[in-house]
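S.K.: Structure for this input, please:
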Amino acid sequence: MDGKLYLIPTPLGEYDPAQVLPAPTLALLQGITLFFVEELRTARRFLSAAGLKGRIEGLEFHEINEHSTPEEISSYMTILGTRDAALISEAGLPAVADPGAQLVALAHQKGVEVVPQVGPSSLMMALMSSGLNGQCFAFTGYLPVKPDARKAAIREIEQRAQKLNQSQIIIETPYRNDSLMADLLSVCKPSTRICVAAEISCPGQFIRTRTVAQWKKENLTIGKRPCVFVLL
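M.R.: So this is what the prediction gives:
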């Protein structure tokens with residue numbers, strides 16, 4: 001194959017990419033004209049800030065997100081490998097808790113070399129700052145939306161965490177942060193530890209680990225902020 005697929009991280013907040021990403025990654029972007037992105041508007045803004053301002057209209061973009069159909073994603077097979085391409089997520093690492101993983105799978109199927117670049121991961125940054133077990137952990141992703149199913153999932157996660165001494169990393173849509181936190185506090189044992197890591201690396205960063213018993217005394221309101229929860 002003539003082209004590679006580069007996985008390009010993006011800042012977790014509104015930062016100059018040069019403050020977050022290594023210089024070689026920014027230099028790499030200058031030679032790429034084919035981009036697979038989660039959201040066109042934010043990708044254009046990121047690339048402009050990353051040094052491609054004035055050249056955006058000459059680039060080729062294809063969206064891959066939760067609205068993409070299997071047929072649309074499969075059609076990208078004909079493009080992959082024809083020239084160097086980049087996969088860009090909304091924030092943080094592409095293909096981790098991100099629909100871009102489907103494109104990476106296609107690249108492997110076609111024999112296109114996949115080249116990950118260094119960048120921020122809210123999941124790993126939450127884990128490393130939680131004080132919980134970083135030797136054994138699992139990313140459980142989003143929990144069910146319906147309250148009864150979500151509470152049942154929390155019980156299973158807590159049991160697994162304590163049986164294996166395994167930190168459980170959970171994410172949620174920002175507008176459901178506080179309802180998830182309420183369910184965690186109502187279901188989990190008083191001694192279970194929960195780390196709330198909101199707006200990681202941003203000016204409003206909040207990272208704190210407490211037991212359920214301690215959290216119940218704090219009356220925390222997370223609000224509609226990007227947040228990662230770590231439970232053990």
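S.K.: which residues sit in contact with the spatially most central residue of the chain?
M.R.: When Cα atoms, centre = their mean is applied to the chain, the residue found nearest the centroid is Ala97 (4.9 Å). By Cβ atoms under 8 Å, 6 or more residues apart in numbering, the contact list for Ala97 reads 123, 139, 141, 171. The C-beta positions use only the backbone N, C-alpha and C, and glycine is treated the same way.
S.K.: Go ahead and confirm Gly31 touches Arg83.
M.R.: No: Gly31 lies out of contact with Arg83 (Cβ atoms under 8 Å); the separation is 9.9 Å.
S.K.: hmm, back to that, can you tell me how far the residue nearest to the centre of the chain sits from Glu38?
M.R.: 11 Å (Cβ to Cβ, to the nearest Å).
S.K.: Let's verify the residue lying closest to Leu123 once chain neighbours are set aside: helix, strand, or coil?
M.R.: Spatial nearest neighbour of Leu123, chain neighbours left out: Ile169 (5.5 Å); criterion: Cβ to Cβ, 6 or more residues apart in numbering. Following DSSP: H, G, I helix; E, B strand; the rest coil, we place Ile169 in the strand state.
S.K.: if we can go back for a sec, what about Gly31 and Arg83, which has more around it?
M.R.: Remark: of Gly31 and Arg83, Arg83 carries more neighbours, 15 against 8, as counted by other Cβ atoms under 10 Å.
S.K.: what's the neighbour count on the nearest residue to the more buried one once chain neighbours are set aside?
M.R.: Leaving aside its sequence neighbours, Arg83 sits nearest to Gly3 (Cβ to Cβ, 6+ apart; 4.2 Å). By other Cβ under 10 Å, 17 other residues sit near Gly3.
S.K.: Going along the chain, name the helices of the protein.
M.R.: 23-29, 40-47, 70-75, 101-110, 122-130, 147-164, 177-187, 212-216 (DSSP state H).
S.K.: which of these sits most buried?
M.R.: helix 122-130 (a mean of 20; mean count of other Cβ atoms under 10 Å).
S.K.: That helix to strand 167-171, inter-axis angle?
M.R.: 130 degrees (axes from the mean of the first three to the mean of the last three Cα atoms, to 10 degrees).
S.K.: what's helix 122-130 in contact with?
M.R.: 12, 91-92, 96-97, 134, 137, 139, 167, 169, 171, 195, 197, 200-201, 207, 209, 226, 228-230.
S.K.: Repeat that for stretch 109-118.
M.R.: Contacts for stretch 109-118 (Cβ under 8 Å, 6+ apart): 1, 3-9, 21-22, 25, 28, 77, 80-81, 104, 107-108.
S.K.: Sitting in strands, which of these do you find?
M.R.: Applying DSSP state E to these, the entries found in strands are 5-8.
S.K.: quick one, what contacts Leu143?
M.R.: Contacts of Leu143 by Cβ under 8 Å, 6+ apart are 150, 153-154, 157, 170, 172, 180.
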